[in-house]
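Enquirer: give me coordinates for this.
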Amino acid sequence: MRYYHFLSVVALALLMVACDNKDDKAGAAQAKPQVKIAKVASENIAQTETYTATVESDVKNNIAPNAPYRIEKIYVDEGDYVRKGQVLVQLDASNLRQLKLQLENQKIEFNRTEQLYQVGGASKAEYDNAKMQLDVFSTQYRQLVQNTQLVSPISGVVTARNYDDGDMYGNQPVLTVEQTNPVKVIINVSEIHYKNVSKGMPVDILLDAYEGESFYGKVTRINPSVDVATHTFPVEVTIANQGQKVRPGMFARAAISFGEKNHVVVPDEALVKQIGAGDRYVYVYKDGKVSYNKVQLGKHIEDKYEIISGVNPGDEVVIAGQSRLANGKEVEVVK
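Expert: A predicted model of the protein is given here:
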């Protein structure tokens, strides 16, 4: 009797183990993460790069005397447009007035000596000495005029005024004049584009000061060396500015087109950011499993990202259910 009872207990135990195994298998089947997938394709993507910069004048001149004169009169103010050769500042002319009087007296003396020399009333040495004195006074007067009247060496806009009438000139320039036709921006371009940049290339310029309006620029100078720290090289872009709308100091965005490239695009939902790092990944589905592929991102285009590497055309990528996934994990695809 005990023997039969023992067999019954063993049979029951085996039955329970079998049921447990069956439940484990069923549970394992139910434990597969459910995901949604989408097939990706490649598109022709415009390779346009945008750079930020500050507008600079093409030529900048600081206007200052060569000695600490007192400033009598400043004829212009910030924002005024000036012409080349225009008198901008009159400095203390008291010495100039004295010298002008001496020059007039010397002219009279020379004329008198010249008349006497012509009729034999003065020697050649007296004539030469009178002419030399006149030349000296004339030269001194011209130099003093130049030093007391400051003129603009260029046509442009006054961008700084550092003194008022009556001030004594110090260390700062009296005025700063900048040429604003044309103007320029300096942008730093990645070395990967070095072979693609050439003089004369068109550049689209956008300015915060003129929202919705674009300005035409072109590449005018390419620095021949690459910065070892940033792996970029400076490029000068000149902006035609006949209307004088673009002013030095304005914030600009310069866009250069480097043509098109055929790259895969994936939906925004497919991207996964690695915790603690800036790397981006995409789960690619194949034969019931997913692989964790690191991707190199390109441009963001509406609700998709350009993928430089990491995903191939025709791949199926996970767009929902990534939270329970790991590399090589089996998944169940749902609609």
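Enquirer: where in this protein is pLDDT low?
Expert: 1-30 (pLDDT under 70).
Enquirer: show me where it has helices.
Expert: Taking DSSP state H to define them, one finds helices in the chain at 2-30, 94-118, 124-148.
Enquirer: buried stuff in stretch 306-326?
Expert: Judged by neighbour count using 16 or more other Cβ atoms under 10 Å, the buried positions of stretch 306-326 are Glu306, Ile307, Gly310, Val311, Asp315, Glu316, Val317, Val318, Ile319, Gly321, Gln322, Leu325. Glycine gets a C-beta too; all of them are placed from N, C-alpha and C.
Enquirer: could those be laid out in JSON lines, adding distance to Asn147?
Expert: Listed next are these as JSON lines, based on distance: Cβ to Cβ, whole Å:
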{"residue": "Glu306", "distance to Asn147": "62"}
{"residue": "Ile307", "distance to Asn147": "67"}
{"residue": "Gly310", "distance to Asn147": "69"}
{"residue": "Val311", "distance to Asn147": "72"}
{"residue": "Asp315", "distance to Asn147": "77"}
{"residue": "Glu316", "distance to Asn147": "81"}
{"residue": "Val317", "distance to Asn147": "75"}
{"residue": "Val318", "distance to Asn147": "78"}
{"residue": "Ile319", "distance to Asn147": "76"}
{"residue": "Gly321", "distance to Asn147": "81"}
{"residue": "Gln322", "distance to Asn147": "76"}
{"residue": "Leu325", "distance to Asn147": "80"}
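Enquirer: nearest to Glu260, of those residues?
Expert: Distance to Glu260 across those (Cβ to Cβ) is lowest for Glu306, with 11.2 Å.
Enquirer: report the beta-bridge partners for that closest one.
Expert: When bridges are called by DSSP bridges, Glu306 pairs up with Val265.
Enquirer: any idea how far Gln242 is from it?
Expert: According to Cβ to Cβ, to the nearest Å, Glu306 stands 38 Å off from Gln242.
Enquirer: now Lys218
Expert: Lys218 is 15 Å from Gln242, where distance means Cβ to Cβ.
Enquirer: what of Gly259?
Expert: Taken as Cβ to Cβ, the span from Gly259 to Gln242 is 30 Å.
Enquirer: need the phi and psi values for Pro68.
Expert: Main-chain dihedrals, Pro68, degrees, to the nearest 10: phi -80, psi 70.
Enquirer: I'd assumed Gly170 was in contact with it.
Expert: Yes. Contact criterion Cβ atoms under 8 Å: Pro68 and Gly170 qualify, at 7.3 Å.
Enquirer: contacting residues for the residue nearest the centre of the chain?
Expert: Compute the mean C-alpha point of the chain, and by Cα atoms, centre = their mean the closest residue is Ala53, 2.4 Å away. Contact partners of Ala53, counting by Cβ atoms under 8 Å, 6 or more residues apart in numbering, are Val185, Ile186, Ile187, Val237, Ala252, Arg253, Ala254.
Enquirer: what is the second one paired to in the beta sheet?
Expert: In this structure, Ile186 bridges to Glu236 when assessed by DSSP bridges.
Enquirer: that one touches Val235, doesn't it?
Expert: Yes. Counting by Cβ under 8 Å, Ile186 touches Val235, with 7.2 Å between them.
Enquirer: so what's the closest residue to Val246 other than its chain neighbours up against?
Expert: Nearest non-adjacent residue to Val246, counting by Cβ to Cβ, 6 or more residues apart in numbering: Val183, 5.2 Å away. Residues in contact with Val183 (Cβ under 8 Å, 6+ apart) are Val55, Glu56, Ser57, Asp58, Thr238, Ile239, Asn241, Val246, Arg247, Pro248.
Enquirer: count of neighbours near the fifth one?
Expert: Taking other Cβ atoms under 10 Å as the neighbour definition, Thr238 ends up with a count of 17.
Enquirer: quick check: the farthest pair among the contacts of Val183?
Expert: Pairwise over the contacts of Val183, using Cβ to Cβ, the maximum falls at Thr238 and Arg247, 15.1 Å.
Enquirer: show me where the stretch 151-300 of the chain has its strands.
Expert: Secondary structure of the stretch 151-300 of the chain (DSSP state E, counting those that start in this stretch): strands at 156-161, 175-190, 202-207, 214-222, 232-239, 251-267, 271-273, 280-286, 289-301.
Enquirer: what packs against the shortest one?
Expert: The helices and strands touching strand 271-273, judged by 3 or more Cβ pairs under 8 Å, 6 or more residues apart in numbering; DSSP states H and E, are strand 280-286.
Enquirer: so the strand it packs on versus strand 289-301, what angle?
Expert: Orientation check (axes from the mean of the first three to the mean of the last three Cα atoms, to 10 degrees): strand 280-286 against strand 289-301 gives 130 degrees.
Enquirer: can you show me the CA trace of strand 280-286 as PDB?
Expert: What follows is strand 280-286, C-alpha atoms only, in PDB (Å, rounded to 0.1, in the frame of the first residue of the first chain):
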ATOM      1  CA  ARG A 280      22.800  58.000 -31.000                       C
ATOM      2  CA  TYR A 281      21.700  54.500 -31.800                       C
ATOM      3  CA  VAL A 282      19.000  52.800 -33.900                       C
ATOM      4  CA  TYR A 283      17.600  49.300 -33.300                       C
ATOM      5  CA  VAL A 284      17.600  47.400 -36.600                       C
ATOM      6  CA  TYR A 285      15.200  44.400 -37.000                       C
ATOM      7  CA  LYS A 286      16.200  41.300 -38.800                       C
END
